[in-house]
Every structure is written in C-alpha cells, then in structure tokens.
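[1] need the 3D shape of this:
(chains A, B, C and D)
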Protein chains: 2
Amino acid sequence: MAVTLADVAVRAGVSAATVSRVLNGNYPVAGATRNRVLQAVEELEYVVNGPASALAAATSDLVGVLVNDIADPFFGIMASAVQSEIGEPVADRPGPKLAVVCNTGGSPERELTFLTLLQRQRAASVVLTGGALEDQSHRAALIGRLGRLEAAGARVVLCGRPPLTDTDFPAVTFDNRAGARQLTEHLLGLGHRRIGYLAGPQARTTTRHRLEGHRAALTAAGLGGDASRLTVRGSYDRSAGYYGALELLDREPGLTAIAAANDTVALGACAALRERGVRIPEDVSVTGFDDLPFAVDATPALTTVRLPLHEAGVHAGRLALGRDEAPEGGVLVCPGELRVRGSTAPPRDA
Amino acid sequence: MAVTLADVAVRAGVSAATVSRVLNGNYPVAGATRNRVLQAVEELEYVVNGPASALAAATSDLVGVLVNDIADPFFGIMASAVQSEIGEPVADRPGPKLAVVCNTGGSPERELTFLTLLQRQRAASVVLTGGALEDQSHRAALIGRLGRLEAAGARVVLCGRPPLTDTDFPAVTFDNRAGARQLTEHLLGLGHRRIGYLAGPQARTTTRHRLEGHRAALTAAGLGGDASRLTVRGSYDRSAGYYGALELLDREPGLTAIAAANDTVALGACAALRERGVRIPEDVSVTGFDDLPFAVDATPALTTVRLPLHEAGVHAGRLALGRDEAPEGGVLVCPGELRVRGSTAPPRDA
DNA sequence: CCCGGGACGGTAAGCGCTTTCTACTGGGGG
DNA sequence: CCCCCAGTAGAAAGCGCTTACCGTCCCGGG
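    Residues are numbered from 1 along each chain as shown, chains lettered A, B, ... in the order given. As a prediction, this is how the structure comes out:
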C-alpha cells in the first residue's frame, strides 16, 4: 500500500541504504545518484515512516511541552514560542521537530502521566512550564521521571519555573519575587498603606514567590503586621479575583489598593470593584502580574509586571534542541519589568 | 540499556508475545499470567517503545492540531479542548493520544509542510482549525495532502472552518455570516447608519463570511451603498484595529459605530478611539466577534458574538478519535450567540 | 472412554528504516 | 607499474514490537 524506502530504491536503481543516506544527508553520496534518488522520491510522493526511523535510529523528532492549560495565554505564548523555535528547520542536521502539547491542568498526576507518555514516544526533549507544586513526594516522583527521561537521551528544560534543586536540568525562570516586590513598592511609593493581596493556589512556587515579594516590600516599609489578614487565596482565574476582591473589601473597608497574583485575577477584581461602585484607581488601585496582551486594554489599563514569556519560550526551545548551551549555573533568570499604567494612583487620603 | 519487552518477558517467565498481549489487552491472558507480567513491568519500570509499536502495528497515538497561532486564545481554547478530549484514556481500546500542535502562522506553505510531517509520524488524526485560505491552487494542494493522509489511515477533521467542497471530511464550523449579520443588525436597531467595518485579511473564508454577514445586514436596511467606502482591511490583530479605526475616522468623521472582525481588532479600535478622545459608546459604538475571555473585561465590556470554541474543540476531538459519528452531511454548524454589552448604545443623534 | 473445541501461550515472520562492515572503483605517489 | 586510500555503494543485521499461525491442555458431550 504505502510507498517505502525500498520502493524508492528500486525506482532509483540503488540500494535502500543509499536512499536513506540521501534523505539523511549524513554520508557522502555522489551528485548524480542523489539526484536520481530525489527524483524517485518526488515521483513516488514518498514520505518517510517516522516511527520506523525513530525505531532504527533510536531518536524521534517530538518535543513535549507541558503546560497547565494551553488556552491560557500565559502558557500559550510560551508554547507558541517553543513551537516556533523547534519547528524551524535549522541548518543543523535533524529536521524540524514537532511540539506535543500536554495540558496538565495543574494536576501532579497528569504531569507524571504525560511524562511517561512522552518517554514512551522517545521524545527528543521535554519542556516543563508553569509553577511547580511544592510537595515533597511529588517532587521526588517528578525528579525520578525526569531522570529516566534524561537517561533515555531526552533533554529536559524547565521554563517559567524555578530550577529543581539537586538536579541540573537547565531552567529559564522568572523573577517572581522581585517583580511582586516592585509592584508593591510602587503602591507604597504612591502612598498606599492598606494593600490587599489576592494570592494564587497553595503549594505552588509561583504563588509563594510572588507573595514573598509582596510581603518583603510591606515588611521593609514596616507594614508586615497586617499582611496575612489582607491576603486572600484563590486559583489563578478571574472568578478567584472577583470573589477575592469582595472578600477583601469586607475584611478591610479602608483598603486603598489590591495587588493580584496575576492579570487575570486582577481583572476579576476590577469587575468586582466596579460592581460595588468602587472607582479604579480613584478609590482603589489594582495591580496585576504577567502583562498578558489584554492587560493594556482593560480600562483603566492594568499596572503590572511584564514577563518575557515569548523570549523565555524561545530560549527554552533552543535549549531543548541543544542549540544553545545551558546558561552558567544552569539557570537563566528573566527579570520582570514594571509597567505602570492607569490602574494605580495615589490613594485619595494621601 | 533501556528495558525492552523481552526483558519483561524473561522476568515474568513468559514469551514476549504474552507481554505484548497483556499490555494491549486485546487477547485473552490468564489472570495469574497477567499479574506476573504486570509485576515484572512494575519492577523493571518498563515503558513501551512507542515508535516500535507504531511501526509494528502501523498506528500511532499522535493527533495533529493545526492552528494559526497557539498563543491566540481563539486557537488556544479550541486546541485545549481537543487536547483534553483526546488525552482522556477512554474505556475504548487505545490509550490516551497526544496532541501535536502546529503553528502555521496562517501560512499555506507551513500548513502543507506540517501535514507532511504529521503524515510522516503516521498521525492517527489531524484537526485543522482556523479560516481557510481561498486560493485554488492551495486548496488543491491541501486536498491532495489531506487525501493522502486519509489514505494512510488518518482521520481528518475540520474545526472552526468551513467544509472543503468536494471532500467529505467532517467539519465543525461556525456560522460567521449569521453572527456578523446579527451584530450589524443590532447596531442598525440601535439607530446607527454610518457603520465602519474593520475586516480581516483577504482571501480567508472567515474574513469573507463575516464581511458578507455585515453587508447583508446593511443591504437589507438599504445601506449597501456606503459599505465598501467604510470597510478597512487588516490582519486579525490589535494594531490592525488601531490603525484601521483611525483610518475609518478620517474617511468618515460622522461615523457612529465600528464593527470589527474580531475582539482583538475591536480592542485595538477602542484604544485608537480613546486616544482621539472619542467616547465609547456615547460617540461611537464598537462590536467585536468571538467573545474571547477578555472581551467582558474591556471597559466598556465588548458587545460581540460568542462562538462555542470549547464545545467545537471537544466535538472535533471526539470526531478525531472516531468516538462520535460524523454529523449528517458531515458538517456541524455552531451558531454564534449575540452578547450585548456596554460598548454599544444608540448614536447621539438618534 | 474418546474426541472436538475453547482457552492460552509460544514461535517466528515481519513492520520500514539505520548503520556498521565490506566491496569496488579510480587515481596518485612510491 | 603497483599499492593504497579516498570516495561510494551494497549487503545484512538488527531496532522493539505485533500478530498470524500453531501447539497444548483440559473440559464436556457423545
């Protein structure tokens, strides 16, 4: 049924070995022979059998990309960058690689399951994005899986998450702590003193780092005491911001600012504030985090910290291909950049 | 180095065939034997070699998903739905499938290239999303590629794009025409008469259908004459909306409404209007299309048409697995739903 | 008491490709 | 003038798995 290498070989009057060599270009083949082969390939519309070559060569051109949810632009942007980077047929030997996107939904089990599935596919590399779960047993299981992947020849890269201690997988991470700190310092600088914080889900590194940055700024300003009373936890979605903001308003009617764990949460908070008739930023200032594309289109535009998601993805993609050397220490820290926009202003009583 | 089926067989004291049968569960194996095998698998941490089984069984568990850009929520949401659907280990025979996401960037060549790469991987199915390019030669090439994929045993599904005439690939499509028409009728109903339109790129079915819907509404209202003067073309991104809106304002200062090809373009337009000091909706009403998550958080919230992106993706995923039968006629049309929000209001002179 | 057949399990032949290892050629240096 | 090597091409041995195709073994019916 399907055309095989052998068919091409017969058509071109050469051996299968030669056809393989022409196609892979890793062995000298005389010009005339090569042309005959190429022509036969063309005429027969031959398409290599990927699994067969993967089996024989013990490599595949699949790169796994684990994300929480590809529908979320935070992950979408990174994944897009990774994909574009690895899909580009470099002058380098192997052809373009394909990105296998895996939605973990933040579930540790699914994360492990997908890693196994990727190992089964003999993925050439795996890019892990998103905040890590801070759970010792999961951490151990994860390291085990990644170790086996690496042992099987896969390249493992962490993107947008902190390095895994005791391992030396290259990592491209964001400085969430510093970013959060800048944001809160910005609010403090404007004169805010009663600042609510909408934190992400428990046991996530991203959540913890951002919260720590926020607290560090407060503490430095001598406002550490109120911090936990003015912190509400929720997931990283819009409704968490909505209900979280209402909760904060109830807890502390004198609130003049809300710092959200990310832009999506911030928009939810804005919606809640508007419904309550609270003006932004006149009555309450709001900050986000990530600077996703829509942050600038909110009204008022969201003050936030821009994370170089695309750049990080590109870098992770290059590391995954082995095109770039791992950064010194194995970790590349990408700083966030404060973007001051309309959603923050001095408090009224300032 | 790596553990193979044979190793497991030895360990369990059975033949490789038996191990394979236990793992695939498609042939009777006595309970005791099965358990011994399973235990050996466990102890050896055996992971099937995907390429090898793909080669032997002539099938893979890869599903290709072609999108314009996975960073765009429009595609991200559909891809996410497809992925979740196919990743679920159904009670059905084959294990969970992996989604290979391919960013075409809207380029026809890349589209074809990716299809070839997917065929090389012997993908079990391919889901094509996004508007189709209206170009005869590309259409022919595309049908050729898809036909070969199908001949190779892959299931081809179109999602969020019109069916390919003369083929019978199942399709899940959006009624862009009706949606656009509703939007413009809504504006007309409010009393608008000078309505600008920000169209998408040329030669895309999505662009054409939405524009046709808009024009149909205008024509029905006896306003067809001005239509082309008040139409500006651009890509589907924010800056196209920004510059397009400025252009429209210049062409027709008396404009009272702008209908954009999608939400992203609409937000760009809003930004331009705000900069010009034009109030929304008091001076100019604006409508989007798609109802992406951020549409509701714009201020004012965007009047738009909600497209069931997630549902369409789920459905496409099921079709790709062969879990659902193709709809009668092969095409499932998903209607859009008008969402009237704050960005539209009667014109001032109404 | 014998035989047919169902339930299991093993044997072995590939699946289509890569990659040694071997073979052959022609030309230039000794 | 012969030998050796660079340059090419082929033969063949797998890569790890699936799956006919056969044997066994044991049961119940005749």
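
[2] can you give me the buried ones in stretch A:78-88?
    Within stretch A:78-88, the residues scored as buried using 16 or more other CB atoms under 10 Å in any protein chain shown are A:78-87. Yep, even glycine has a C-beta here, placed from its N, CA and C like the rest.

[3] can I get these in JSON lines including secondary structure and pLDDT?
    Formatted as JSON lines, the buried residues of stretch A:78-88 follow (DSSP: H, G, I helix; E, B strand; the rest coil; pLDDT from 0 to 100):
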{"residue": "A:78", "secondary structure": "helix", "pLDDT": "98"}
{"residue": "A:79", "secondary structure": "helix", "pLDDT": "98"}
{"residue": "A:80", "secondary structure": "helix", "pLDDT": "98"}
{"residue": "A:81", "secondary structure": "helix", "pLDDT": "98"}
{"residue": "A:82", "secondary structure": "helix", "pLDDT": "97"}
{"residue": "A:83", "secondary structure": "helix", "pLDDT": "96"}
{"residue": "A:84", "secondary structure": "helix", "pLDDT": "93"}
{"residue": "A:85", "secondary structure": "helix", "pLDDT": "94"}
{"residue": "A:86", "secondary structure": "helix", "pLDDT": "94"}
{"residue": "A:87", "secondary structure": "helix", "pLDDT": "88"}
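
[4] just curious, which of those is nearest to chain B?
    The closest of those to chain B turns out to be residue A:80 (CB to the nearest CB; 3.7 Å).

[5] show me the contacts for the nearest residue in space to the closest one that is not next to it in sequence.
    Distance criterion CB to CB, 6 or more residues apart in numbering or on different chains; nearest residue to residue A:80, sequence neighbours excluded, is residue B:71 at 3.7 Å. By CB atoms under 8 Å, 6 or more residues apart in numbering or on different chains, the contact set of residue B:71 is A:73, A:76-77, A:79-81, A:310.

[6] again, but for residue A:141
    By CB under 8 Å, 6+ apart, the contact set of residue A:141 is A:108, A:112.

[7] could you count how many residues lie near the residue of the stretch 251-350 of chain A found nearest DNA strand D?
    Closest residue of the stretch 251-350 of chain A to DNA strand D, CB to the nearest atom of the strand: residue A:322 (22.1 Å). Residue neighbour count, defined by other CB atoms under 10 Å in any protein chain shown, stands at 13 for residue A:322.

[8] for it, grab phi and psi.
    phi 80, psi 10 (degrees, to the nearest 10).

[9] I figured it hits residue A:156, correct?
    No - using CB atoms under 8 Å, residue A:322 and residue A:156 do not qualify as a contacting pair, with a distance of 11.7 Å.

[10] does the residue sitting nearest the centre point of chain A have beta-bridge partners, and which?
    In chain A, the residue lying closest to the centroid (CA atoms, centre = their mean) is residue A:129, at 3.9 Å. With DSSP bridges as the criterion, residue A:129 is bridged to residue A:159.

[11] hmm, residue A:65 and it touching each other?
    Yes - if you go by CB under 8 Å, residue A:129 and residue A:65 touch, sitting 6.9 Å apart.

[12] give me the common contacts of these two.
    In contact with both residue A:129 and residue A:65: residue A:79, using CB under 8 Å, 6+ apart.

[13] got a list of what residue A:290 touches?
    A:74, A:262-263, A:304-307, A:309.

[14] can I get those residues in CSV including secondary structure and pLDDT?
    Output for the contacts of residue A:290, formatted as CSV (three-state DSSP; pLDDT from 0 to 100):
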residue, secondary structure, pLDDT
A:74, helix, 97
A:262, coil, 96
A:263, helix, 98
A:304, strand, 98
A:305, strand, 98
A:306, strand, 98
A:307, coil, 98
A:309, helix, 98
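
[15] of the residues you listed, which is the nearest to DNA strand C?
    For the contacts of residue A:290, the minimum distance to DNA strand C (CB to the nearest atom of the strand) is 35.2 Å, reached by residue A:309.

[16] OK, contacts around that closest one?
    Counting by CB under 8 Å, 6+ apart, residue A:309 has contacts A:74, A:77-78, A:81, A:160, A:290.

[17] for residue A:44, same thing?
    Counting by CB under 8 Å, 6+ apart, residue A:44 touches A:3, A:7-8, A:11.

[18] swap the cut-off to 6 Å and go again
    By CB atoms under 6 Å, 6 or more residues apart in numbering or on different chains, the residues touching residue A:44 are A:3, A:8.

[19] need phi/psi at it.
    According to degrees, to the nearest 10, residue A:44 has phi -90, psi 0.

[20] repeat for the one 10 residues further on
    With angles defined as degrees, to the nearest 10, residue A:54 shows backbone torsions of phi -60, psi -40.

[21] quick one: it from chain B, how far?
    4 Å (CB to the nearest CB, to the nearest Å).

[22] endpoints of stretch A:271-281, how far apart?
    13 Å (CA to CA, to the nearest Å).

[23] what pLDDT does the residue in the stretch 201-350 of chain A that chain B sits nearest to get?
    Using CB to the nearest CB, residue A:299 is the residue of the stretch 201-350 of chain A that sits closest to chain B, at 3.1 Å. Residue A:299 is assigned 83 on the pLDDT scale.

[24] all strands for chain A, in order.
    A:62-67, A:98-103, A:125-129, A:155-159, A:171-174, A:195-199, A:231-233, A:257-260, A:285-287, A:304-306, A:331-334, A:337-339 (DSSP state E).

[25] right, and those - which one's nearest residue A:114?
    With distances scored as CB to CB, the stretch of those nearest to residue A:114 is strand A:98-103 (4.0 Å).

[26] what mean pLDDT does the closest one get?
    On average, strand A:98-103 scores 97.

[27] other SSEs contacting that strand?
    strand A:62-67, helix B:73-87, strand B:98-103 (3 or more CB pairs under 6 Å, 6 or more residues apart in numbering or on different chains; DSSP states H and E).

[28] could I get those as JSON lines with distance to DNA strand C?
    Formatted as JSON lines, those follow (distance: least, CB to the nearest atom of the strand, whole Å):
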{"stretch": "strand A:62-67", "distance to DNA strand C": "15"}
{"stretch": "helix B:73-87", "distance to DNA strand C": "25"}
{"stretch": "strand B:98-103", "distance to DNA strand C": "19"}
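
[29] tell me the contacts of the residue of the stretch 201-350 of chain A closest to chain B?
    Taking CB under 6 Å, 6+ apart as the criterion, residue A:299 is in contact with residue B:299.

[30] can you give me the distance of it to residue B:72?
    Look at residue A:299 and residue B:72: by CB to CB, to the nearest Å, they are 22 Å apart.

[31] repeat that for residue A:279.
    In terms of CB to CB, residue A:279 sits 32 Å off from residue B:72.

[32] so for these two, which sits in the more crowded spot?
    Using other CB under 10 Å, the more surrounded residue of residue A:279 and residue B:72 is residue B:72, with 24 against 12.

[33] give me the distance from stretch A:272-280 to the chain's centre.
    Centroid displacement of stretch A:272-280 relative to its chain, using CA atoms, centre = their mean, to the nearest Å, is 32 Å.

[34] please read the previous query as pertaining to stretch A:208-216.
    Chain-centre distance of stretch A:208-216: 20 Å, with CA atoms, centre = their mean.

[35] before we move on, the earlier item: what's the most buried one of the strands of chain A?
    Per residue and on average, the most neighbours among those fall to strand A:257-260, with a mean of 32 (mean count of other CB atoms under 10 Å in any protein chain shown).

[36] helices or strands next to it in the packing?
    Using 3+ CB pairs under 6 Å, 6+ apart: strand A:257-260 touches helix A:176-190, strand A:195-199, helix A:263-275, strand A:285-287.

[37] any chance of these in a markdown table, with distance to DNA strand D too?
    Listed next are the helices and strands packed on strand A:257-260 as a markdown table, based on distance: least, CB to the nearest atom of the strand, whole Å:
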| stretch | distance to DNA strand D |
| --- | --- |
| helix A:176-190 | 41 |
| strand A:195-199 | 45 |
| helix A:263-275 | 42 |
| strand A:285-287 | 52 |
